[in-house]
Structure formats: C-alpha cells, structure tokens
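the sequence isn't on hand, but the structure is:
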C-alpha cells in the first residue's frame with residue numbers, strides 16, 4: 001500500500017496548515033511517530049466530513065486507482 005502521509009517538517013516555519021487552524025496540541029516536529037499518525041488519521045476524517053458537508057466527494061488513490069467516495073457510501077473509479 002502506498003504511504004500518502006505528509007513528511008515531518010524540518011523547521012518550525014515549514015509546518016503545514018494545521019498550525020494556522022489551531023488543531024495541534026504541539027508542533028508536528030515535536031510529535032512522536034504515534035502522535036503524528038493519529039493526527040494524520042484525524043485530519044483525513046475531518047477533511048472527508050467537510051467535503052461531504054459541502055456536497056463534494058472524497059477523492060483518493062488506492063492500489064493505483066483514483067476513487068471518489070460519496071456521502072451515500074458509493075465509491076466510483078475516477079480513472
């Protein structure tokens with residue numbers, strides 16, 4: 001399975017969107033690997049829910065295929 005997780009920031013100025021939205025308890029570069037994994041999982045769930053709330057599908061790659069998941073649970077291959 002392809003790992004799509006973001007890389008760890010090397011400098012505090014390189015931290016992604018999460019710092020500006022106030023969702024972090026501490027900077028990513030100070031998190032343990034387990035804390036980062038949990039943060040990424042929660043982020044994906046929040047993004048998925050936001051997309052469904054605005055009527056958009058959650059699009060992702062799995063096994064080399066681009067898939068779109070809709071709020072009703074339908075999953076369609078995009079390409």
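Nice, thanks for sending it over. As the structure is a prediction and not an experimental result, all values here were calculated from the model. Residues are numbered from 1 along each chain as shown.

pLDDT weak spots in this structure?
Applying pLDDT under 70 to the chain flags residues 1-23.

so which residue is dead centre in it?
For the chain, the residue nearest the mean C-alpha position is residue 44 (3.4 Å; C-alpha atoms, centre = their mean).

check which helix or strand covers that one.
Assigned by DSSP states H and E, residue 44 belongs to helix 33-53.

also residue 76?
Assigned by DSSP H and E, residue 76 belongs to strand 75-77.

other SSEs contacting that strand?
When contacts are defined as 3 or more C-beta pairs under 8 Å, 6 or more residues apart in numbering; DSSP states H and E, strand 75-77 packs onto strand 65-69. Every residue, glycine included, has its C-beta placed from N, CA and C.

hmm, who's touching the strand it packs on?
Contacts with strand 65-69, where a contact means C-beta atoms under 8 Å, 6 or more residues apart in numbering, come from 48, 57-61, 75-79.

redo that, cut-off 10 Å
48, 51-52, 56-61, 74-79 (C-beta atoms under 10 Å, 6 or more residues apart in numbering).

picking that back up, show me what counts as buried in the strand holding residue 76.
Taking 16 or more other C-beta atoms under 10 Å as the neighbour-count basis, strand 75-77 is seen to contain no buried residue.

parallel or antiparallel, list what pairs with it.
Using DSSP bridges, the strands paired with strand 75-77 in its sheet are strand 65-69 (antiparallel).

how far is the partner strand from where the chain is centred?
The chain centroid and the centroid of strand 65-69 are separated by 15 Å, computed with C-alpha atoms, centre = their mean, to the nearest Å.

ok, stretch 49-64 next?
The answer for stretch 49-64 is 10 Å, by C-alpha atoms, centre = their mean.

thinking again about what came up before, of all the contacts of strand 65-69, which two lie farthest apart?
The span of those, defined through C-beta to C-beta, is set by 52 and 79 at 21.5 Å.

which one of these two is surrounded by more residues?
Per other C-beta atoms under 10 Å, whichever of residue 52 and residue 79 has more neighbours is residue 52, with 15 against 5.

pretty sure the more buried one sits against residue 74.
No - using C-beta atoms under 10 Å, residue 52 makes no contact with residue 74, being 11.8 Å away.
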